[in-house]
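In: Here is the input, now give the coordinates:
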Amino acid sequence: MPSFAIIKERLDRYEKLMRLDKPIGILLLLWPTLGAVWIAADGQPHWMVVWIFVLGTALMRSAGCVINDYADRDFDPHVERTKLRPLAARTVTPREAFILCGLLVVCAFLLILPLLTPLLFGLAVVAVLLAASYPFTKRFFALPQAYLGVAFGFGIPMAFAAIQGEIPPIAWLMLVANIFWALAYDTEYALVDRDDDIKIGIKTSALTFQRYFGRFDIAAIMFCYAATLALLGWVGRQLGFGWPFALGLATAAGIAAYHYTLIKDRDRMRCFKAFLHNNWFGAAVFAGIVADYLLRSPKV
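Out: Reported below is the predicted structural model:
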């Protein structure tokens, strides 16, 4: 029988493999998903639906991290920031990672059973395929961060499918906004590893922006923030949102401006700080959505 200490050590390694010690990824998925839940439910989501999407987001993000590290297990040892990850350091085997990922996906599927419809089932399958295929896009696609935006934002159409039984155009508009947001924050993240990625031949939006825009690569990131806010503003206009939502967007714009001061010199640690700070960008937008529903005049 394995001792308690050995079991605890294995669980600690699995926790690191799922990045539960670094919840920023969960939050970056959670804010747009919760925004979609609130809008789909007209500001009055059932508590059970909220918890299903919160827990499902955490499970699928964890599964995505396992898949990502499995795919990058031969690259990560050559990158300073990732060389100590469990698969890169060979403290967890690929077989263990594969089993863990399967368990996480099964748990996420079981969560949505109370809401399951053929449409939601189909979207869930697509969500798993997106999460599984994303790590491999870095081998050939110049903007894998855009693909990540689709994967990270797929909770949006799933929320509408679960609550309304259909996916209205506004959901796809929100997904496009999420793609631009992911391009912004994950390019900041990619700036941290740009030198290592050049050496090992990984494709990222940071390298693509540098190649095509040169010294205007930072401007390209800021354009992605601006596109995100413009699309979300259009969403708010279509939904008849008022000043609370506008205040949330204005706060998010101020946060994006602050990120510019962090990334303009391309310092690795300040770029990483900007990436982490995107939690507050997403939180500001979500707060604006919730506040707008809470403060709007009651319907007669």
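In: what's around T261, how many residues?
Out: 10 (other Cβ atoms under 10 Å). Quick note: C-beta positions are derived from backbone N, CA and C, even for glycine.
In: same question, the one 10 residues further on
Out: Applying the criterion other Cβ under 10 Å, we find 25 residues in the vicinity of C271.
In: so what's it up against?
Out: Going by Cβ atoms under 8 Å, 6 or more residues apart in numbering, C271 touches 188-189, 191-192, 262-263.
In: among the residues you listed, which ones are buried?
Out: With burial judged by 16 or more other Cβ atoms under 10 Å, the buried subset of these is 188-189, 191-192, 262-263.
In: how about TSV for the contacts of C271, with secondary structure added?
Out: Output for those, formatted as TSV (DSSP: H, G, I helix; E, B strand; the rest coil):
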residue	secondary structure
E188	helix
Y189	helix
L191	helix
V192	helix
L262	helix
I263	helix
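In: quick one: least confident of those?
Out: In terms of pLDDT, the least confident member of the contacts of C271 is V192, at 87.
In: what secondary structure does T82 sit in?
Out: Per three-state DSSP, T82 ends up coil.
In: how about A146, secondary structure?
Out: A146 - assigned by three-state DSSP - is helix.
In: and it, how far is that from T187?
Out: Distance of A146 to T187, computed by Cβ to Cβ, to the nearest Å: 10 Å.
In: Please apply the same query to P23.
Out: Distance from P23 to T187, by Cβ to Cβ: 21 Å.
In: So the two - more neighbours on which side?
Out: T187 (29 against 13).
In: And the contacts of stretch 48-63?
Out: Contacts to stretch 48-63, defined as Cβ under 8 Å, 6+ apart, come from residues 18-20, 25-26, 29-30, 33-34, 37, 41, 101, 104-105, 107-108, 111-112, 114-115, 127-128, 131, 155, 158-159, 162-163.
In: coming back round to it: is it possible to get a markdown table of the contacts of C271 that adds distance to A58?
Out: Shown next, in a markdown table, are those (distance: Cβ to Cβ, whole Å):
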| residue | distance to A58 |
| --- | --- |
| E188 | 23 |
| Y189 | 20 |
| L191 | 27 |
| V192 | 24 |
| L262 | 27 |
| I263 | 28 |
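In: Select only the buried ones of the contacts of stretch 48-63 in PyMOL?
Out: Per 16+ other Cβ under 10 Å, the buried members of these correspond to this PyMOL selection:
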select buried, resi 18+19+25+26+29+30+33+34+37+41+101+104+105+107+108+111+112+115+127+128+131+155+158+159+162+163
